[in-house]
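Participant: give me a model of this one.
(chains A, B and C)
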Amino acid sequence: MTTKTNQGNYFEDFRIGQQLVHATPRTVTEGDVALYTALYGPRFVVQSSAVAAMDIGFEDAPVDDLLVFHVAFGKTVPDVSLNAVANLGYADGRFGVPVYAGDTIRTVSEVIGLKENSNGKTGVVYVRSRAVNQRDEMVVDYVRWVMVNKKDHSKPAPETVVPDLPAVVAPESLRLPVGLNLEGYDFAGAGSSFCWEDYAVGEKIDHVDGMTIEEAEHMMATRLYQNTAKVHFNQFEQAKGRFGKRLIYGGHVISLARALSFNGLENAFKVVAINAGSHCNPTFAGDTIHAWTEVLGTYEIHERHDLGALRLRTVATKDKPCADFPYKDADGKYDPQVVLDFDYTVLMPRRAV
Amino acid sequence: MTTKTNQGNYFEDFRIGQQLVHATPRTVTEGDVALYTALYGPRFVVQSSAVAAMDIGFEDAPVDDLLVFHVAFGKTVPDVSLNAVANLGYADGRFGVPVYAGDTIRTVSEVIGLKENSNGKTGVVYVRSRAVNQRDEMVVDYVRWVMVNKKDHSKPAPETVVPDLPAVVAPESLRLPVGLNLEGYDFAGAGSSFCWEDYAVGEKIDHVDGMTIEEAEHMMATRLYQNTAKVHFNQFEQAKGRFGKRLIYGGHVISLARALSFNGLENAFKVVAINAGSHCNPTFAGDTIHAWTEVLGTYEIHERHDLGALRLRTVATKDKPCADFPYKDADGKYDPQVVLDFDYTVLMPRRAV
Amino acid sequence: MTTKTNQGNYFEDFRIGQQLVHATPRTVTEGDVALYTALYGPRFVVQSSAVAAMDIGFEDAPVDDLLVFHVAFGKTVPDVSLNAVANLGYADGRFGVPVYAGDTIRTVSEVIGLKENSNGKTGVVYVRSRAVNQRDEMVVDYVRWVMVNKKDHSKPAPETVVPDLPAVVAPESLRLPVGLNLEGYDFAGAGSSFCWEDYAVGEKIDHVDGMTIEEAEHMMATRLYQNTAKVHFNQFEQAKGRFGKRLIYGGHVISLARALSFNGLENAFKVVAINAGSHCNPTFAGDTIHAWTEVLGTYEIHERHDLGALRLRTVATKDKPCADFPYKDADGKYDPQVVLDFDYTVLMPRRAV
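Facilitator: Numbering: from 1, shown residues only, chains lettered A, B, ... in the order given. This next block holds a predicted model:
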């Protein structure tokens, strides 16, 4: 046997400032977009219709922001999280130039934080991952932190460095697609006349619908993103483990929740930031995902009268409708059926004066 | 909670002459076509090979007519049938200009009939739906009627209007793609030498093969069409209902039956009309679909010596082979394993003289 | 009932020298490529990134060689193996010009061998199948032999002809894509720095990961290839048979094994030959596939200093990790959990001097 196979990095393999050039660059195509539609059923008009997209200044229908995120994320798995125990959080995520079918995405990460746990067996690794297109333009840039196993427990702990991360991406630092002009926005095609002005901080929306997940679906999605985390694919191995079954990639639930959120957020036509995110409980095939959203903030965008931004919390549950907005108990502990707590910022057209 | 979510229309919300501009326009791509192939396995040469298609005058391989139908149909669901009890029938369906990858489809419906049921709790709504491409050219136009719940039973019944619908789309009103010339038709590539002249009224063909449906397949298909009918996706809710499981979109069965019908109808290269259709019994994951076809009519096409039309009835069954052509009993009641009775018109090349 | 349906050929229908022009030509698209990625999760950089592909002289990201093989193979099923009892072997397989999205593939086969079995009820048919693109350039050419039922046992046995087939495709007869120049090869993007020089004959690599197969996945794959073999799709019929369940297309396992082999063979960027192959045991949904590879040969390529070839044996198992390289017992009988023994030749970059 040779050691040509990738064993992944262990906690002691990471160094502050280390650059990880991830395999495999990936040309995103109309085929990926069709699969994304088949897997989640999104209906946001700008991603669905090239005509609607070009009417507001895109070159073509842009690839769904979360599909871009999943492809960018997938690349980081073999180097960052193959030996991870848990995906702990996201912060400071910003989407850059739109991705169109035909663009090639690659991802580079930098280790920006390390903190060994007191048990000496695991540690937390913080990385900033930056995905760019074939012209080296940033398409998405975000921080995530994961708990990773140590292989050699005798290795000394590194100096603790915990990065200072913003609780929310500042509205003034959001990147808008160049040439965007919402005057031509197709409200009828979008399926709702609700504008940025119609949403108020504290407002909660139950997205009503539920979507059951099948094994074939989450595995096809996760392979599409070239995400190699073993727990999603290997039932032979998982059968012996804690849950007895395959775990679903957390990003699959994010995309399902975003697709469900169309019912009530029809005009949230673009995700521009990921402020925070937590996969609160594991999800398995057979679970039915529901979702609700709370408006956390409404932001004007500098010098723009055609659009504004909304900061949203979308919460997804398994096997639990969301009419009463399940979230946390009095002690701040997540309801056991809450599987996702996702804090992000979207663009929405403003009402034409 | 806000009421921003779409609750769908109830029977009392419809008015004769009402125009429903449906969300969401949809650019159909090569990705959708590949998924359609993966989901049903069609092998008709004109849709499979761009070379074969261009050899008879298409600009490219046309998108399968039924994929166009499903996309057009999916758009109507949130406005027409979200609160429907049953999909009762189709009539007067005509396909227009071919759809190619890259075209954007949108659908508008008009309410053309209303009839409240005697129980005062439901009513039948007739709509004519017209889907067009980005140049406003008709791609498919059809009538369907559905039974829809009333929300407020105290609302008075509307005046009854039942549209006068043809039993069959007249051959002289069929739309042929401009520039079609079957002289270059690839019989060898198509897999059969049987021509329009070889089919006779009354002839029955058992399509032999069977295809089992999985949950992941019908849900991916139905999401691909952006069809939002709840009964297809939510096992948590369906578990409490009459069947205890998710219902399969009737159109999924139409496409399976059409793909199975290749074996015996290899040269039926284009669907040009939907005369009638009935989803006779529900279909569930695990069911194995078989199909048989009866030739109902053979039509010459005005001034065309290269092609003719066949009116066909294709019947699909679940868990029942079709060697003895299962259909209705002596009282005219469908065999409980018949799930589809589909009456449509196809084009077929004529024998070169 | 008419006899318009294809009943497939029986052993007595084949003649030495017979040409079989297979239906259906198939335009391969970016949609097919995306599905292939979703179904198997391959990560070889040249097929994943158009940029990486063009950097070494391809016109675009080439379509995965095995996807080309499956499409070419699928066409032969209705004429060659619809009444087959077993797929016995492959030999002398060579890949030709690269296939790009948009190319149209068709396949023609010639019967090159016939041998009736002593029971008089079955016989072995050898066919050479040649798939070409729309410019009649060869894309893949291979021999396979299958055991086929006789329909009429009274028919006399044909003269026995067994073709003389090479055990391995000679390195000097391999076809390299025109214009290939590995100087620009993206090792970082490919995920490994191991070159052709780093692999030695006899070396074994455990590819570590396991992948569980779902019914929806193998059926979608097999339909995508327009492969019509009944045993893969019809649970109603299979329930009554020997295994009680649907059999998985052997090619599905080849593609899974190749995708798993990325972990240890990252730079094996192109399959150029299929020397031999055996589907040792049946595979079913629910099985978890693992794989290991032995290097059988290392070949220099005439006048090329930028690349070499490796002859590999990749063995796939079901529900059995491959750390100890399961294969055959002392009597030469396959381990019952070995499902594939695949002997093929790949190209790999050489180390820059």
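
Participant: how about the secondary structure of residue A:247?
Facilitator: coil (DSSP: H, G, I helix; E, B strand; the rest coil).

Participant: so who does it touch?
Facilitator: Listed by Cβ atoms under 8 Å, 6 or more residues apart in numbering or on different chains, the contact set of residue A:247 reads A:231, A:232, A:238, A:282, A:283, A:284. Every C-beta, even on glycine, is put in place using the N, C-alpha and C of the backbone.

Participant: if I look at it, how far off is chain B?
Facilitator: 18 Å (Cβ to the nearest Cβ, to the nearest Å).

Participant: next: residue A:204.
Facilitator: Taking Cβ to the nearest Cβ, one finds residue A:204 at 6 Å from chain B.

Participant: my guess is that residue contacts residue A:327, does it?
Facilitator: No: the pair residue A:204 / residue A:327 is not scored as a contact, 9.9 Å apart, by Cβ atoms under 8 Å.

Participant: still on that earlier bit, which of the contacts of residue A:247 count as buried?
Facilitator: A:231, A:232, A:238, A:282, A:283, A:284 (16 or more other Cβ atoms under 10 Å in any protein chain shown).

Participant: closest one to residue A:210 out of the contacts of residue A:247, please.
Facilitator: residue A:283 (13.2 Å; Cβ to Cβ).

Participant: OK, contacts around the nearest residue to that closest one once chain neighbours are set aside?
Facilitator: Excluding the flanking residues, the one nearest residue A:283 by Cβ to Cβ, 6 or more residues apart in numbering or on different chains is residue A:248, at 4.3 Å. The contact partners of residue A:248, by Cβ under 8 Å, 6+ apart, come to A:213, A:218, A:232, A:282, A:283, A:284, A:285, A:287.

Participant: so for the closest residue to the fourth one other than its chain neighbours, what pLDDT did the model give?
Facilitator: Nearest in space to residue A:282, with sequence neighbours left out and distances taken as Cβ to Cβ, 6+ apart, is residue A:247 at 5.4 Å. At residue A:247 the predicted local confidence, pLDDT, stands at 96.

Participant: three-state assignment of residue A:33?
Facilitator: helix.

Participant: now do it, the pLDDT please.
Facilitator: Taking residue A:33 on its own, its pLDDT is 98.

Participant: could you report the neighbour count for it?
Facilitator: The number of residues packed around residue A:33, counting by other Cβ atoms under 10 Å in any protein chain shown, is 28.

Participant: ok, it to residue B:240 distance?
Facilitator: 35 Å (Cβ to Cβ, to the nearest Å).

Participant: can you tell me the closest non-neighbouring residue to the one residue in the stretch 1-150 of chain A that gets nearest to chain B?
Facilitator: Closest contact between the stretch 1-150 of chain A and chain B, by Cβ to the nearest Cβ, is at residue A:34 (2.6 Å). Excluding the flanking residues, the one nearest residue A:34 by Cβ to Cβ, 6+ apart is residue B:31, at 2.6 Å.

Participant: so what's the backbone phi/psi at residue A:169?
Facilitator: phi -70, psi 120 (degrees, to the nearest 10).

Participant: with adjacent residues omitted, what lies nearest to it?
Facilitator: Using Cβ to Cβ, 6+ apart, the nearest residue to residue A:169 is residue A:273, at 3.8 Å.

Participant: and the one you found, what helix or strand is that in?
Facilitator: strand A:270-278 (DSSP states H and E).

Participant: what strands line up against that strand, and which way round?
Facilitator: For strand A:270-278, the paired strands and their directions (DSSP bridges) are strand A:84-95 (antiparallel), strand A:338-349 (antiparallel).

Participant: please state the offset of the first one from the chain centre?
Facilitator: Averaging C-alpha positions (Cα atoms, centre = their mean, to the nearest Å) puts strand A:84-95 9 Å from its chain's average.

Participant: any buried residues in that strand, and which?
Facilitator: By 16+ other Cβ under 10 Å, the buried positions in strand A:84-95 come out as A:84, A:85, A:87, A:89, A:90, A:91, A:92, A:93, A:94, A:95.

Participant: among the residues you listed, which one sits closest to chain C?
Facilitator: Using Cβ to the nearest Cβ, residue A:84 is the member of these that lies nearest chain C, at 15.6 Å.

Participant: give the contact list for the closest one.
Facilitator: Neighbouring residues of residue A:84 by Cβ under 8 Å, 6+ apart: A:146, A:147, A:148, A:149, A:229.

Participant: same thing but 6 Å
Facilitator: Counting by Cβ atoms under 6 Å, 6 or more residues apart in numbering or on different chains, residue A:84 touches A:146, A:148.

Participant: for the residue in the stretch 151-300 of chain A that chain B sits nearest to, give its distance to residue B:228.
Facilitator: Going by Cβ to the nearest Cβ, chain B is nearest to residue A:191 of the stretch 151-300 of chain A, at 2.9 Å. According to Cβ to Cβ, residue A:191 stands 10 Å off from residue B:228.

Participant: distance check, the nearest residue to residue A:306 once chain neighbours are set aside against residue B:137.
Facilitator: Leaving aside its chain neighbours, residue A:306 sits nearest to residue A:182 (3.8 Å; criterion: Cβ to Cβ, 6+ apart). Relative to residue B:137, residue A:182 is positioned 28 Å away (Cβ to Cβ).

Participant: now for the closest residue to chain C within the stretch 51-200 of chain A, how many residues are close by?
Facilitator: Proximity of the stretch 51-200 of chain A to chain C (Cβ to the nearest Cβ) peaks at residue A:104, 4.6 Å away. Residues contacting residue A:104 under the criterion other Cβ under 10 Å number 22.

Participant: ramachandran angles for it?
Facilitator: phi -110, psi 120.

Participant: and stretch A:158-170, average pLDDT?
Facilitator: 97.

Participant: for it, buried residues please.
Facilitator: A:158, A:163, A:165, A:168, A:169.

Participant: and stretch A:197-204, by the same measure?
Facilitator: Buried residues in stretch A:197-204 (16+ other Cβ under 10 Å): A:199, A:203, A:204.

Participant: and which of the residues you listed is nearest residue A:303?
Facilitator: Nearest member of these to residue A:303, counting by Cβ to Cβ, is residue A:199, at 21.0 Å.

Participant: ok, and the closest non-adjacent residue to the closest one?
Facilitator: Per Cβ to Cβ, 6+ apart, closest to residue A:199 is residue A:295, 5.0 Å.

Participant: got the angle for the helix or strand where that neighbour lies vs strand A:338-349?
Facilitator: According to DSSP H and E, residue A:295 maps onto strand A:288-300. Relative orientation of strand A:288-300 and strand A:338-349, computed by axes from the mean of the first three to the mean of the last three Cα atoms, to 10 degrees: 40 degrees.
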